Structure formats: structure tokens, C-alpha cells
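Chemist: When you get a sec, could you give me coordinates for this:
(4 chains)
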Number of protein chains: 4
Amino acid sequence: MTRKILQVEKEVEVRFSEVDSMGIVWHGNYALYFEDARELFGKTYHLEYLYMYEMGFYAPLVELKINYKKPATLNDRLRVICTYRETDAAKIIFDYEIRHASSNDLVASGHSVQVFLDMQHQLVWQTPPFYTEWKKINGLC
Amino acid sequence: MTRKILQVEKEVEVRFSEVDSMGIVWHGNYALYFEDARELFGKTYHLEYLYMYEMGFYAPLVELKINYKKPATLNDRLRVICTYRETDAAKIIFDYEIRHASSNDLVASGHSVQVFLDMQHQLVWQTPPFYTEWKKINGLC
Amino acid sequence: MTRKILQVEKEVEVRFSEVDSMGIVWHGNYALYFEDARELFGKTYHLEYLYMYEMGFYAPLVELKINYKKPATLNDRLRVICTYRETDAAKIIFDYEIRHASSNDLVASGHSVQVFLDMQHQLVWQTPPFYTEWKKINGLC
Amino acid sequence: MTRKILQVEKEVEVRFSEVDSMGIVWHGNYALYFEDARELFGKTYHLEYLYMYEMGFYAPLVELKINYKKPATLNDRLRVICTYRETDAAKIIFDYEIRHASSNDLVASGHSVQVFLDMQHQLVWQTPPFYTEWKKINGLC
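Modeler: Modelled structure (predicted):
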């Protein structure tokens, strides 16, 4: 039996304003590219912020890690790959890879972790029912 | 009889991430510096967004103009001067000057125009009473 | 005889990080959208910064004006239309319109002005030969 | 014998444009605050990019990690504390804490790792002489 891999890929083009005085993408902008892909994941697999909110939960980011491998420069086209990482914890974890669209060279990798808060902004330790359901629908458990 | 000039001055330091690949401040960031000064004006003269909202009005920006005179570079300290421009219209108009803190050279100038919307987001053509009052308190009429 | 209109259109999607606490695109980000379209113009009509530099000129922005008509919000798709404005002066002037992709509603308009500097960073008052040539090639004179 | 702690503290004020549609600082902006403090460290302890470049080295960021503890909102004053972490590797590692200036509550923590490249952009595995010297001068070895 194979496990399903939930993954999206977003293409972004480096903007002039995203490049720093060294002529390369300013490191903080990778958070932007990761988010672009994460939002696409939410739309594709129906795990949008709005949906979670309607289910009674916030899902704030609590951890972001970025590893820089190779610089990207103006007008580079980048593929941002966002992959869902399975976990038993009450968390949403994504792994990211950013690659040059033409050469496929790895530009950056990283991950993000989100937790669940209830409407009183209290941390939720147990997996919310809607999230268990979401995992089932997507063949993850 | 002299007219009162309402003016604030905010000092900002150019950040690495604000500089483009030409080594100078990216032109869009001047909107940021203008806003820094405009917010300081609001605090100083009690014309904050929150106050206007409590009075029943939004005050969205409808026009922004920036003239670029001289480039600014990394670590430059800039003085952003925001001056209230008197008008009989139901508008808030500010003029701006950005100067190098050390040389006093003019880096940029410009202005912004805000109008008033009521809580139904309809444009308000007559000066709101709170704004007439604010002008009086500040010696403008 | 009809005059040629040089125009490009760039579609942009509003990013989460571009939206402010009012839930609408932060006004400074329109400078970004204008630039996206201006760069596309340069590529489309071969008037890139790099080309001008090779011809011996810089073309810095000296004026930017933005008029805000209607707010744009998260995930809106916007059409940014950049139109070359003819001038006899030694300047590059563009007019911009931003429209909601679906409704065609006008979100913002504006213009930008660029001048020419030589390699010694001195302002050039006469139209550079390459620019006259560029106008001819594009049927503007 | 006590070890010297090399640390700087930079105060930043949250800008309107840094706050997202949830009313809190957009998570990517913490990279900006970290950088503000890192630059201050460079100036304070004479480890600027320019100095390293003159010594024959680049020091690009290869890893950035941010942990989000508590949201920050508009006009919050934040203290960004940047502490040098000792290492025998040919790396520059900083730990960061961001705290609310008034309450001292922890807003975020994290670290960054920089490596050395020579002028041919090749990774340098051995600690550059200037860096060993810098450590000595600062009482670290």
C-alpha cells in the first residue's frame, strides 16, 4: 500500500523590489515564496484559513526554518514546492523546496509548523475533529 | 496675525532590505517613510485613524505623489518632515520632504490626499464636525 | 494616419503579505504593481534598464503618482495596464491603470516619469540618440 | 574566569505596513527585525559586511529559524536582542530574542547561521584568519 503525497507547486518570478544590493533575492523574501505555495496548498486541498476559522480554529505559524542553498536573482523563475508532512501531533507541518525553474537547481529548502488555537486563543493539544476528517478524506489515515 | 504651521519630523534609518540592486533605496519605500511621518503627525496632533473611526469616519488615502530628487543609500539617516496643508475641502492633505539628516540635502518631496467615508463607505462631501473642531483646536480656523 | 499605442498588461494576484490590517492592499504596494508592468513593458518593447545602460544612460524614476479609486483585497486578481505616453522631452513617461480582472472596476491609476543620466550621473537634457531611434522603430515619430 | 557575552539590543517600532490583515505583524517581517539587530551587532563589534569583504570574504546567510511565541501589533515597541553564539566552526551564528519593550514578554526567538565564501564564491572550511583575530580581540578565545 502506498501513502499519498499531498504536494503543490507554485511558480514565482523574482521582482526587482525583492532583490537586495548584492543583486540577489533578499533572504527574508523566501518567507513570502513559502507562503505563496502554502496558500496554494490550502486552496488545492481545501485547508484554507477561512475554512479552519469556520470550524472554530486559528492555525498560526509557530516555527519557520529556511536553508539557503544557492542565490536567486532578478527575473529568475522559481518553482516553490510545498509538501504536507504527516504528523500525529495537533499541528500542520509543511516542507518546502525552491528550485530554479530552468536548471532545477535547489535554491532553498525549509519547513513551517502551525498549531491550533480555539476561538479564545487557547492552544489546542488534541487534533481537532475537522482536521482528523480532513486527513481521512485525503487518504492520510 | 500669523498662521500656525502643523508639522512633525520623524527620523528613519535606511534598512538593508529597503535598498535595491542599484544600492539605493527602492522608490516604493518612500511611501513607507511618508507613512511613518504621517502616523507621527496623527499621534502628535491627535488625528489618529482610531479617533476618526470613533467619530464615525474612515479617512482612506486617495492620492499619493512622490518626487525623487537625490538617492538615499544604506544606513543613511533621513529626516521625514510632514506638514499639514490647509484646505476648505473635506480632505486631509499633507506635504512631505525627506532630507539627509547630516547634509540636509533634499532626497524626495511629495504629498498625500485623504478623503472621508462614512461607516457605510460613502464619500462625505462636507467637512465632518469633528474635523472642523480639530481645526479650531489647532488654530487653523 | 493612426498613432501606435504601446501598451502592456500584466496580471498580478494580491498576496497575503500585501494586505494591511484593514484587509485591503497596503497603498505602497501599488508602486510594486506599477513596476511589474513597467518591467514587462521594457521586455516587450526592448527598453530594458540593461539596454539603456549599454547605450550609456541611466533612467531613474523622478516622479510617481498614484490615485486610489477602489480597494483591492486578498486573492484579487488585478490587471495592471502600462501605456507609454508620448513626449518631446528627454523623458520616459508611463500611464497606469489597475483593474479588477473579473469586474474590470478601476482600482487605481497613475503615472511615472523617468529622466536620463549619463554615466557621470549628470542629467541629460537632450533626447539620447538611442531613444530617438527606439521611438522611430516603434512608429512614434 | 567568566566568558564574555557579545550582545546588542535594538529597539524597533512596528509599522503599519508590517501588520497583516489579522492585525498582527506579518511573520516574514521578523527576518527584518533580526537583520536590524544583526547590523547593529556588526557596527558595535566591528564585524560589518564591508570589513569582511575587505578581508577577502563574503558571509552569506545559510540558515534562518524563527519561533513565534506571541503576536506583536501596530505601534508595539519591540526590543530585538542579538547574541553571538560561540562556535569552533567557520561560521557566524547569532541567537535572537524579540520582546515587548513594555511587558518584556517574549514575542519570538530564533537563530541565523552565516558561512564564509572566498572571492571566487567558494565555501571556506577553515576559520579565516581575520575571524580568529576578531574572536581574540573580543575575548572569545
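Chemist: From now on I want contacts and neighbour counts done on CA atoms only, so please keep to that.
Modeler: Will do.
Chemist: Now chain A against chain B: closest residue?
Modeler: A:S21 (4.0 Å; C-alpha to the nearest C-alpha).
Chemist: what residues does the lowest-mean-pLDDT helix or strand in chain A touch?
Modeler: Least confident helix or strand of chain A, by mean pLDDT, DSSP states H and E, is helix A:49-54 with a mean of 92. The set of residues external to helix A:49-54 that reach it, using C-alpha atoms under 8 Å, 6 or more residues apart in numbering or on different chains, is A:G42, A:Y58, A:A59.
Chemist: which residues does the residue nearest in space to the middle of chain A contact?
Modeler: With distances taken as C-alpha atoms, centre = their mean, the residue of chain A nearest its centroid is A:R38 (3.5 Å). With contacts defined as C-alpha under 8 Å, 6+ apart, the neighbours of A:R38 are A:C82, A:F94.
Chemist: now the helix or strand where it lies: how far from the chain's centre is it?
Modeler: Under the criterion of DSSP states H and E, A:R38 resides in helix A:30-44. Here the centre of mass of C-alpha atoms in helix A:30-44, compared against the chain's by C-alpha atoms, centre = their mean, to the nearest Å, lies 5 Å away.
Chemist: then it to CSV, C-alphas only?
Modeler: Only the C-alpha atoms of helix A:30-44 are listed here, as CSV (Å, rounded to 0.1, in the frame of the first residue of the first chain):
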residue,chain,number,x,y,z
TYR,A,30,11.7,33.4,0.9
ALA,A,31,9.1,33.6,3.7
LEU,A,32,6.9,35.2,1.0
TYR,A,33,7.5,32.5,-1.5
PHE,A,34,6.8,29.8,1.0
GLU,A,35,3.6,31.5,1.9
ASP,A,36,2.6,31.7,-1.8
ALA,A,37,2.9,27.9,-2.0
ARG,A,38,1.2,27.3,1.3
GLU,A,39,-1.8,29.3,0.2
LEU,A,40,-2.0,27.4,-3.0
PHE,A,41,-1.9,24.2,-0.9
GLY,A,42,-4.8,25.5,1.2
LYS,A,43,-6.9,26.2,-1.9
THR,A,44,-6.0,23.0,-3.7
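Chemist: buried ones in it?
Modeler: Neighbour-count burial for helix A:30-44 flags A:Y30, A:A31, A:L32, A:Y33, A:F34, A:E35, A:D36, A:A37, A:R38, A:E39, A:L40, A:F41 (criterion: 16 or more other C-alpha atoms under 10 Å in any protein chain shown).
Chemist: returning to that earlier point: let me see the backbone angles for the residue of chain A closest to chain B.
Modeler: With angles defined as degrees, to the nearest 10, A:S21 sits at phi -70, psi -10.
Chemist: near chain C, which residues of chain A?
Modeler: A:R15, A:S17, A:L32, A:D36 (C-alpha under 8 Å from any C-alpha of the partner chain).
Chemist: Is A:I5 located within a helix, as I assumed?
Modeler: No: going by DSSP: H, G, I helix; E, B strand; the rest coil, the assignment for A:I5 is coil, not a helix.
Chemist: From what I see, it and A:T83 are in contact.
Modeler: Yes: the criterion here is C-alpha atoms under 8 Å, and A:I5 meets it with A:T83 at 7.4 Å.
Chemist: ok, the two, which is more surrounded?
Modeler: Of the pair A:I5 and A:T83, A:T83 is the one with more neighbours under other C-alpha atoms under 10 Å in any protein chain shown, namely 20 against 13.
Chemist: ok so the more buried one is a helix residue?
Modeler: No: the assignment for A:T83 by three-state DSSP gives strand, which leaves it out of any helix.
Chemist: Quick check, pLDDT for it.
Modeler: A:T83 is assigned 98 on the pLDDT scale.
Chemist: Spit out the contact partners of it.
Modeler: A:I5, A:L6, A:Q7, A:V8, A:F94, A:D95, A:Y96.
Chemist: May I ask which of those residues has the most neighbours?
Modeler: In these, the most neighbours by other C-alpha under 10 Å go to A:Y96, 26 neighbours.
Chemist: coming back round to it: from the contact counts, what lies against the helix or strand following the least confident helix or strand of chain A?
Modeler: For helix A:49-54, the succeeding helix or strand toward the C-terminus, using DSSP H and E, is strand A:61-68. Where contact means 3 or more C-alpha pairs under 8 Å, 6 or more residues apart in numbering or on different chains; DSSP states H and E, strand A:61-68 is packed against strand A:106-115, strand D:61-68.
Chemist: returning to what we had before: any chance of the buried residues of helix A:30-44 in TSV, with distance to A:G139 and pLDDT too?
Modeler: TSV is the format used below for those (distance: C-alpha to C-alpha, whole Å; pLDDT from 0 to 100):
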residue	distance to A:G139	pLDDT
A:Y30	30	97
A:A31	29	96
A:L32	29	95
A:Y33	27	97
A:F34	24	97
A:E35	24	96
A:D36	24	94
A:A37	21	97
A:R38	19	96
A:E39	21	93
A:L40	19	95
A:F41	16	97
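Chemist: Output the residues you listed as CSV; include the columns distance to B:I66.
Modeler: Converted to CSV, the buried residues of helix A:30-44 look like this (distance: C-alpha to C-alpha, whole Å):
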residue, distance to B:I66
A:Y30, 29
A:A31, 29
A:L32, 27
A:Y33, 29
A:F34, 32
A:E35, 31
A:D36, 30
A:A37, 34
A:R38, 35
A:E39, 33
A:L40, 35
A:F41, 38
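Chemist: and the closest residue to A:V12 other than its chain neighbours, what are its bridge partners?
Modeler: Distances taken as C-alpha to C-alpha, 6 or more residues apart in numbering or on different chains place A:L78 nearest to A:V12, at 5.3 Å, with adjacent residues excluded. According to DSSP bridges, the partner residues bridging A:L78 are A:V12, A:H100.
Chemist: Contacts only, for the residue of chain A closest to chain B.
Modeler: A:S21 touches B:F16, B:V19, B:D20, B:S21, B:M22, B:G23, B:I24, counting by C-alpha under 8 Å, 6+ apart.
Chemist: Of the residues you listed, grab the buried ones for PyMOL.
Modeler: To isolate the buried ones among those in PyMOL, judged by 16+ other C-alpha under 10 Å, type:
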select buried, chain B and resi 16+19+20+21+23+24
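Chemist: Quick check: the two most widely separated of the contacts of A:S21?
Modeler: Maximum pairwise distance among these (C-alpha to C-alpha): 12.3 Å, between B:F16 and B:M22.
Chemist: so what's the residue nearest to A:V12 up against?
Modeler: Contacts for A:L78 were tallied using C-alpha under 8 Å, 6+ apart; they are A:E11, A:V12, A:E13, A:V14, A:I98, A:R99, A:H100, A:A101.
Chemist: just A:D95 next, same as before
Modeler: Counting by C-alpha under 8 Å, 6+ apart, A:D95 makes contact with A:C82, A:T83, A:Y84, A:R85, A:S109, A:G110, A:H111, A:S112.
Chemist: With distance to D:H121 added, can I get the residues you listed in TSV?
Modeler: Listed next are these as TSV, based on distance: C-alpha to C-alpha, whole Å:
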residue	distance to D:H121
A:C82	29
A:T83	31
A:Y84	34
A:R85	34
A:S109	20
A:G110	23
A:H111	27
A:S112	29
